[in-house]
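**Q** Build me a structure from this.
(chains A and B)
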Amino acid sequence: MPQHERFEPRNRKKPRALAGLTLALGAMLLSGCSEAESVPTLTWYINPDDGGQAAIAERCTADSGGAYRIETSLLPNDAAAQREQLARRLAAGDSSLDIMSLDPPFIPELAEPGFLAPVPDDVAQRTTQNVVEGALAGAQWKDELVTVPFWANTQLLWYRKSVAEAAGLDMSQPVTWQQIMDAAASQDKFLGVQGQRGESMTVWVNALIESGGGQIIQNPEAPAAEIELGLVSEAGREAAEIVSTIGKEGLGGPGLATQDENFSMILFQGDKGSFMVNWPFVWPATNSAVEAGSLDPELIEDIGWTLYPRVNANEPAAPPLGGINLGVGAASDHPDLAYQAIECIVSPENQAEYFITNGNPPSNTEAYEDPRIEEAFPMADTIRESLELSAPRPQTPYYNEVSIGLQQNWAPPRSVDPATTPEQTTEFILAVLRGESLL
Amino acid sequence: MSTTVKSSNPGTKAAKRAAQPYSERAKGERRLGWLLAGPAFVVMLAVTAYPIVQAGYDSLFNYRLTAPSEREFIGLGNYGVILTDFVWWRDLGVTLLITVITVIVELILGFALALVMHKALKSVRGLLRTAILVPYGIITVVSAFAWFYAFDINSGYVNNWFDWVPGIDPDLNWFAGTWTSLFVIMASEIWKTTPFISLLLLAGLAQVPDELTEAAEVDGATWWERMSRVILPNMKAAIMVAVLFRALDAFRIFDNVFIMTNGAFGTEVLSLLAYRTSISRLEIGMGSAVSVLLFICVLLICFIAIKLFKVDLAGARGSK
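**A** Residues are numbered from 1 along each chain as shown, chains lettered A, B, ... in the order given. Down below sits the predicted model:
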């Protein structure tokens, strides 16, 4: 750690003589401000949401009884840009990174060089009770808890009841990708999947491979040059088959190659909608579109949900896992207070409230007992069940290279060839990891 | 005063240097010049020269921001990887293609616009110039988003408005193919920066003395002859400067590609490669090497323009 303590570009609260003098002078000039200033301020870098994290920050500040004050600071919109900003600040030893909302796949990259303050044992013990397994796995690096699970996300299979019925598909039983592809084709409808060259492609491919019993990385904790990929396998070939068929047969609609989660939802809401794999945000988003009058109210009645589609009929699916964990920067001036605040933030009450107001599902199963949840999210039980089955994306410090390498070879879906794509991707990613190739 | 004494005694180099006939006033002006330009010069060194040197130094290391302890000196290894990689050459090709096409189209359109502005009636001249300049006043990111949403298959209107054009139908996904994406990227770039080139050309056009064109007209020259024999040769300096400025700008294109495709499907340009390597991958060493190579490319363009095409930067300002 010594190399980042040298810089301290935002070191606001170190009790240095000069700072003390300035504060004293300031206090003399602005008497009355000094009392508020003496309460330590914790900065919480949050990903954009509907104001839920800011509300939690206010509640926890009030509950702390003056021990600390949480101030939120907004990160960029997409996960990759959030990672870029946090990694740069952490590498420079920014002391304002007291609490950070972190996307799980990027945690190993920050934990490996010691950018995160260690989680105290007692906090680790208290904050991991009743946490769903996938979320817990995403919060760890090398079998040690390095962040605290906050909320956990998972994708469900959303379907239009009318289409499933017309295609004769029994949705009370688990369905396979082949079945929904056939059903969409027979009804001349489009499937809602994310075919864009972006993180959502990795999410999709990882879920397909994990559902088929494989893994993208065999040894995620290995150093860059020794990483072994599991793409060239039966599971990898099956995943490529599904992506390729949807692309080549036009099952994802004409916009597939640039489709993200939001546009999949719009496609699903339209006349050509049939089945869609997507995060739970689609439920509140569709409801508010109906309330605003831009969608037909009958649409809500036509939407059903179930677990993520299977790859093999007799093996359970491994749905995608997302969400946010909370970490503390190693250069923070108040790591103890930050962990105290985190314990407050992730309390089951706050997680339940956050789910209801912002649509982000809790990682703590206790939170699902709140009766208001069932009312706002009739699919809460399915979400919880899906979270228990879900598989995280590969946990490696080189996740960015692996994910982008994968996206470059698997998007657009129509260019995927089950016979060659897994092998080409493997060779490409390994060359990038060895530093022999540009990404 | 000592300079005048020494000037009568030529011989050594030192004496020659001292012999420059600066008057007190000239010396005062020089001093004032340095005082005025000095701060800007220091700032330029700090924000331009220092990062260039730092990037050159960093490019010799295998250095990842999130693995500071694994930093090691590898000499020109990064350059070897880049210059033998298909991605670099593909991106260079795309960048050059965008540069050449946009500059040629902008030059033709810009010249036409400059002629219109030059010939316009005094009463509408101000309005016309403002109207032509509007795209240039728009922030590139904003114009990139506007073009993106216009062509995007999910939110765009272009597919509906232009479905009578062969090849365009409601199912055309512009940003899913290399050539259709590049078409939108270049169209946006041309729309945005043609006003800049037309302004530079307008300045050149204004420098062509009216007497020359009038004399040619009296001699019976046609419009085309006046254009090719009188106006264009007299505007050569302005045209070359406009081409050089735009070529350097176009070569560094970033915003349009970043917003519209983020380099997907073979549309990546060199600036985006440098950005993705340094900022997204946090590979400071490799990213610096890409940036240094990009800088060398820009220097090469300047060199070719100034030495081979004899662009005279002073001439365009009319100070010749």
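
**Q** all contacts plus neighbour counts: C-alpha atoms, from now on.
**A** OK.

**Q** Which positions within stretch B:216-235 qualify as buried?
**A** For stretch B:216-235, a neighbour-count test (16 or more other C-alpha atoms under 10 Å in any protein chain shown) marks B:216, B:221, B:226, B:230-232, B:234-235 as buried.

**Q** And stretch A:57-71, by the same measure?
**A** Across stretch A:57-71, burial judged by 16+ other C-alpha under 10 Å covers A:57, A:60-61, A:68-71.

**Q** roughly how far is stretch B:258-274 from the heart of the chain?
**A** Chain-centre distance of stretch B:258-274: 18 Å, with C-alpha atoms, centre = their mean, to the nearest Å.

**Q** pLDDT (mean, whole number) over that stretch?
**A** Averaged over stretch B:258-274, pLDDT sits at 94.

**Q** which outside residues touch it?
**A** With contact meaning C-alpha atoms under 8 Å, 6 or more residues apart in numbering or on different chains, stretch B:258-274 is reached by A:197, A:408, A:412, B:88, B:90-92, B:94-95, B:141, B:144-145, B:148, B:175-178, B:181-182, B:185, B:252-254, B:257, B:287-288, B:290-291, B:294.

**Q** circling back to that earlier point, from the buried residues of stretch B:216-235, which is closest to chain A?
**A** Closest approach to chain A among the buried residues of stretch B:216-235 (C-alpha to the nearest C-alpha): residue B:235, at 43.8 Å.

**Q** In contact with the closest one: list those residues for me.
**A** Residues near residue B:235 by C-alpha under 8 Å, 6+ apart: B:201, B:204-205, B:207-208.

**Q** returning to that earlier point: now the buried residues of stretch B:216-235 in TSV, with distance to residue A:143, secondary structure and pLDDT?
**A** Shown next, in TSV, are these (distance: C-alpha to C-alpha, whole Å; DSSP: H, G, I helix; E, B strand; the rest coil; pLDDT from 0 to 100):
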residue	distance to residue A:143	secondary structure	pLDDT
B:216	86	helix	91
B:221	86	coil	89
B:226	81	helix	89
B:230	79	helix	90
B:231	76	helix	90
B:232	73	helix	90
B:234	75	helix	89
B:235	71	helix	89
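
**Q** ok, which pair from the residues you listed is furthest apart?
**A** Longest distance between any two of the buried residues of stretch B:216-235 is 18.2 Å, between B:221 and B:235; criterion C-alpha to C-alpha.

**Q** if we can go back for a sec, among the buried residues of stretch A:57-71, which are in helices?
**A** A:57, A:60-61 (DSSP state H).

**Q** with those residues in mind, which one is nearest to residue A:376?
**A** For those, with residue A:376 as the reference and C-alpha to C-alpha as the criterion, the closest is residue A:57, at 22.8 Å.

**Q** which residues does the closest residue to that closest one other than its chain neighbours form a beta bridge with?
**A** Leaving aside its sequence neighbours, residue A:57 sits nearest to residue A:70 (C-alpha to C-alpha, 6 or more residues apart in numbering or on different chains; 5.5 Å). Per DSSP bridges, the residues bridged to residue A:70 are residue A:42.

**Q** just checking, residue A:70 touches residue A:43?
**A** Yes - the pair residue A:70 / residue A:43 is scored as a contact, 5.9 Å apart, by C-alpha atoms under 8 Å.

**Q** Spell out, range by range, the strands that occur in chain B.
**A** Remark: strands assigned in chain B by DSSP state E are B:61-62, B:72-73.

**Q** which residues does residue B:169 contact?
**A** So residue B:169 contacts B:159-160, B:162-163 (C-alpha under 8 Å, 6+ apart).

**Q** again, 7 Å this time
**A** Counting by C-alpha atoms under 7 Å, 6 or more residues apart in numbering or on different chains, residue B:169 makes contact with B:159, B:163.

**Q** Could I get the phi/psi values of residue A:352?
**A** With angles defined as degrees, to the nearest 10, residue A:352 sits at phi -60, psi -50.

**Q** Tell me the secondary structure of the closest residue to it other than its chain neighbours, please.
**A** Leaving out its chain neighbours, the residue that sits closest to residue A:352 by C-alpha to C-alpha, 6+ apart is residue A:367, at 5.2 Å. Under the three-state scheme (DSSP: H, G, I helix; E, B strand; the rest coil), residue A:367 adopts helix.

**Q** What average pLDDT does the longest helix seen in chain B get?
**A** In chain B, assigned by DSSP H, the helix with the most residues is helix B:86-119. Averaged over helix B:86-119, pLDDT sits at 94.

**Q** in that helix, what counts as buried?
**A** Quick answer for helix B:86-119 (16+ other C-alpha under 10 Å): B:87-88, B:90-99, B:102-103, B:106-107, B:109-111, B:113-118.

**Q** which strands and helices sit next to it?
**A** helix B:122-137, helix B:178-207, helix B:232-251, helix B:270-275 (3 or more C-alpha pairs under 7 Å, 6 or more residues apart in numbering or on different chains; DSSP states H and E).

**Q** what's the angle from the longest one to helix B:232-251?
**A** Regarding helix B:178-207 and helix B:232-251, their directions subtend 140 degrees when assessed with axes from the mean of the first three to the mean of the last three C-alpha atoms, to 10 degrees.

**Q** what's the angle from helix B:178-207 to helix B:122-137?
**A** Orientation check (the same axes, to 10 degrees): helix B:178-207 against helix B:122-137 gives 140 degrees.

**Q** Just give me how far helix B:178-207 sits from the chain centre.
**A** Distance of helix B:178-207 from its chain centroid, counting by C-alpha atoms, centre = their mean, is 11 Å.

**Q** do the same with the last one
**A** Centre-to-centre, helix B:270-275 and its host chain are 16 Å apart (C-alpha atoms, centre = their mean).

**Q** what does the stretch 101-250 of chain A put close to chain B?
**A** Applying C-alpha under 7 Å from any C-alpha of the partner chain, we find that the stretch 101-250 of chain A lies next to chain B at A:109-110, A:113, A:197.

**Q** neighbour-wise, which of the residues you listed leads?
**A** Compared across these, residue A:197 has the highest neighbour count, 27 neighbours, by other C-alpha atoms under 10 Å in any protein chain shown.

**Q** ok now do that one, which residues does it touch?
**A** Counted by C-alpha under 7 Å, 6+ apart, residue A:197 has contacts A:407-408, A:411-412, B:264.

**Q** swap in residue A:348?
**A** Residue A:348 touches A:364, A:366-367, counting by C-alpha under 7 Å, 6+ apart.

**Q** Next one: it relative to chain B, how far apart?
**A** Residue A:348 sits at a distance of 33 Å from chain B (criterion: C-alpha to the nearest C-alpha, to the nearest Å).

**Q** What residues are bridge-paired with residue A:277?
**A** Applying DSSP bridges to residue A:277 gives these bridge partners: residue A:157.

**Q** ok, how many other residues are close to it?
**A** For residue A:277, the count of nearby residues is 27 (other C-alpha under 10 Å).

**Q** give the contact list for the residue lying closest to residue A:387 once chain neighbours are set aside.
**A** Spatial nearest neighbour of residue A:387, chain neighbours left out: residue A:154 (6.0 Å); criterion: C-alpha to C-alpha, 6+ apart. Applying C-alpha under 7 Å, 6+ apart to residue A:154 gives the contacts A:279, A:319-322, A:383, A:386-387.

**Q** Counting neighbours, which bits of the helix or strand harbouring residue A:264 end up buried?
**A** Element membership for residue A:264, per DSSP states H and E: helix A:261-269. Neighbour-count burial for helix A:261-269, counted by 16+ other C-alpha under 10 Å, picks out A:261-265, A:267-269.

**Q** One more: stretch A:135-148?
**A** Using 16+ other C-alpha under 10 Å as the test for burial, stretch A:135-148 gives A:135-141, A:145-148.

**Q** before we move on, what about stretch B:49-62?
**A** Using 16+ other C-alpha under 10 Å as the test for burial, stretch B:49-62 gives B:52, B:55-62.
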